[in-house]
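Q: Structure, please.
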Amino acid sequence: MNARVQTPPGHDRVEQGIASFLDEFIALRHDLHQYPELAFREHRTSKLIASRLASWGYQVEHGIAGTGIVATLTKGNGNKKVAIRADMDALPIEEATGLAYSSSNPGVMHACGHDGHTTILLAAARYLAESGRFDGTLRLIFQPAEEIGAGARKMIAEGLFDRFPVDAVFGLHNWPGVPSGHFGFVANAAMASVDQAVIRIVGKGGHGAEPHRGVDPVLASASFITALQSVVSRNVDPQEMAVVTVGSIHGGSASNVIPESVELKLTMRAYDESVRERLETRIPALARAQAESFGAVAEVDYRRGFPALINHVDETAFARNVAIRAFDRSVTEDDFRPRTASEDFAFMLQETPGSYLFVGNGDSAPLHSAHYDFNDAIIAPAARYWVQLAETFLSEDNG
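A: Take a look at the predicted model:
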C-alpha cells in the first residue's frame, strides 16, 4: 500500500518554492490567530488577504457578503476555471492555550483552524502567481461566516458563481486525530446536515411543596428528553445515520419553586435528506405530545441550518488522485469516513461540482476546544496540494 507512484513533473519545484517562503506564512498564521474576528466582522482579516493577493497580481473583488473575497488569476488561453475556497471567521470562545500568539480579542478564538485554512490558500496563491504552470483561470474564494452557516449562502445569493463561474470548486478542513499532513477523501455524503430547534415547554408555576396545584414543565421536559431517544432508535432506518442532541436546558431558579416554563435547545444531524425531513416531523410532534400528556404545552421553533455536504464522485476521485500523484499513497487515509460535523460549503456543492477534503492536524486538541491550535506543520503540504490540484485541473491534458 505504500508503493510510490510516478511523481509528476514539477514536484520538487513546488515543494522547494513553498519552502523558500514558508516562515513568512507561519508568521502570518500566528498573526491571524492573534487577531481573530467573528462571523461577518472579519474586516482586518479581509483587508490583509486582499492586500496580499493584489500585490501578487490577482484581480481582487472584495465586499462580497460583506467581508468575502474572490481573487482571480488567469494564465494562458485555456477555458477551464477552478475555484478553491478557504474560511476566515473565528468562534466566540475564550482561548486557553497559553500560546505566545494567543488571541488578543477577549472571548474570540480561532478554535477551528480557519486561520490555518486561510494561510494555506494564501501560500498556494503566492506560489501560483509567481511560479504556477497552468493554462486557464484560477479563482480563490475567502469566505466569511462559516461558523454560523451563513457565509456561503450570502456569497451565493450575491452572485458568487454567476459573477465568477467555475467548472469545479474545492475546499478543505484540518482534522485532529488524523496523522499530520495525511489527506482524507469521501465521495457522496461527507458531512452531516445540521438543524436547530428551540422548544419551550410551558406549564403552570407554583410552590414546590404543592406540586399538585401546578403543571410541572421540568417533569414534562425530562420525559420529552427520554422519549427523544426513540426518534433515532425507532423512527430512523438502522442503516441510516441521525444524531439528536439536547445541548441546553434552562428552567427555574430556586429549588422550591416549580417554574412556569423550561427552554430546551437541540441540534439534529443527518446525511440523508429524507432522514432530515423525518426528524423535522417527529421531534416537534413528540414534544407536543409529551407536553400534553402532562397538561403542559410545547412551543416549537424548528430552524433549518444547512444540508449534508455531498461531494461529487468524479471531482472527489480527481482530488484523491492529485494527493497520490503529488505525494504518494501513504498520505491518503483509505479508511477515512464521513464526519457528523457540518459545513456550509455544502451550499457551494449544490451550485457547482466539487469536493471537500480533509487534512490531518495530528495529535491536537479537538475542534472548537479552548485548547485547540492549528498545526503549522501542515501548511506546506496542504499548500503544495492546492498548487498541484490547480495546476493539474488547469493543465492542457485535463480537459
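
Q: quick one, helices of this structure?
A: Remark: helices assigned in the chain by DSSP state H are 11-20, 22-34, 43-55, 114-131, 151-157, 160-163, 217-235, 273-293, 313-326, 345-351, 379-393.

Q: With mean pLDDT, mean neighbour count and distance to F183 as extra columns, can I get those in JSON lines?
A: No exception for glycine: its C-beta is placed from N, CA and C like everyone else's. Listed next are those as JSON lines, based on pLDDT from 0 to 100; neighbours: other Cβ atoms under 10 Å; distance: least, Cβ to Cβ, whole Å:
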{"stretch": "helix 11-20", "mean pLDDT": "91", "mean neighbour count": "16", "distance to F183": "16"}
{"stretch": "helix 22-34", "mean pLDDT": "98", "mean neighbour count": "18", "distance to F183": "19"}
{"stretch": "helix 43-55", "mean pLDDT": "98", "mean neighbour count": "17", "distance to F183": "24"}
{"stretch": "helix 114-131", "mean pLDDT": "98", "mean neighbour count": "24", "distance to F183": "13"}
{"stretch": "helix 151-157", "mean pLDDT": "98", "mean neighbour count": "22", "distance to F183": "22"}
{"stretch": "helix 160-163", "mean pLDDT": "98", "mean neighbour count": "16", "distance to F183": "26"}
{"stretch": "helix 217-235", "mean pLDDT": "96", "mean neighbour count": "17", "distance to F183": "31"}
{"stretch": "helix 273-293", "mean pLDDT": "98", "mean neighbour count": "17", "distance to F183": "27"}
{"stretch": "helix 313-326", "mean pLDDT": "97", "mean neighbour count": "19", "distance to F183": "5"}
{"stretch": "helix 345-351", "mean pLDDT": "98", "mean neighbour count": "22", "distance to F183": "16"}
{"stretch": "helix 379-393", "mean pLDDT": "98", "mean neighbour count": "24", "distance to F183": "7"}
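
Q: Those helices into a markdown table, with extra columns for distance to S104?
A: Output for the helices of the chain, formatted as a markdown table (distance: least, Cβ to Cβ, whole Å):
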| stretch | distance to S104 |
| --- | --- |
| helix 11-20 | 28 |
| helix 22-34 | 5 |
| helix 43-55 | 11 |
| helix 114-131 | 13 |
| helix 151-157 | 23 |
| helix 160-163 | 32 |
| helix 217-235 | 40 |
| helix 273-293 | 40 |
| helix 313-326 | 36 |
| helix 345-351 | 29 |
| helix 379-393 | 22 |
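
Q: Could you pull up the contacting residues of the residue lying closest to H182 once chain neighbours are set aside?
A: Of all residues not flanking H182 in the chain, G360 sits nearest, at 4.2 Å (Cβ to Cβ, 6 or more residues apart in numbering). By Cβ atoms under 8 Å, 6 or more residues apart in numbering, the contact set of G360 is N174, W175, G177, V178, P179, S180, G181, H182, F183, G184, E333, I378.

Q: ditto for R52
A: Residues near R52 by Cβ under 8 Å, 6+ apart: L122, A125, R126.

Q: What of L160?
A: By Cβ under 8 Å, 6+ apart, the contact set of L160 is I64, V70, I141, M348, E351.

Q: R288 and L228, how far apart?
A: Distance from R288 to L228, counting by Cβ to Cβ, to the nearest Å: 13 Å.

Q: got it, and G205?
A: Shown here: G205 relative to L228, a distance of 24 Å by Cβ to Cβ.

Q: just S20 next, same as before
A: Relative to L228, S20 is positioned 56 Å away (Cβ to Cβ).

Q: before we move on, what about V198?
A: When distance is defined by Cβ to Cβ, V198 is 14 Å away from L228.

Q: so what's the residue most central in space within the chain up against?
A: Central residue of the chain (Cα atoms, centre = their mean): E343, 3.6 Å from the mean position. Shown in contact with E343 (Cβ under 8 Å, 6+ apart): E146, H173, M191, F306, L309, Y356.

Q: Pick out the lowest-pLDDT one from those.
A: When the contacts of E343 are compared by pLDDT, F306 scores lowest at 92.

Q: Which residues does that one form beta bridges with?
A: As for beta bridges, F306 partners with V194 under DSSP bridges.

Q: hmm, back to that, can you list the contacts of G360 in JSON lines and add distance to A111 and pLDDT?
A: JSON lines is the format used below for these (distance: Cβ to Cβ, whole Å; pLDDT from 0 to 100):
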{"residue": "N174", "distance to A111": "12", "pLDDT": "98"}
{"residue": "W175", "distance to A111": "14", "pLDDT": "98"}
{"residue": "G177", "distance to A111": "16", "pLDDT": "96"}
{"residue": "V178", "distance to A111": "18", "pLDDT": "97"}
{"residue": "P179", "distance to A111": "21", "pLDDT": "97"}
{"residue": "S180", "distance to A111": "18", "pLDDT": "96"}
{"residue": "G181", "distance to A111": "21", "pLDDT": "95"}
{"residue": "H182", "distance to A111": "22", "pLDDT": "97"}
{"residue": "F183", "distance to A111": "22", "pLDDT": "98"}
{"residue": "G184", "distance to A111": "21", "pLDDT": "98"}
{"residue": "E333", "distance to A111": "23", "pLDDT": "95"}
{"residue": "I378", "distance to A111": "17", "pLDDT": "97"}
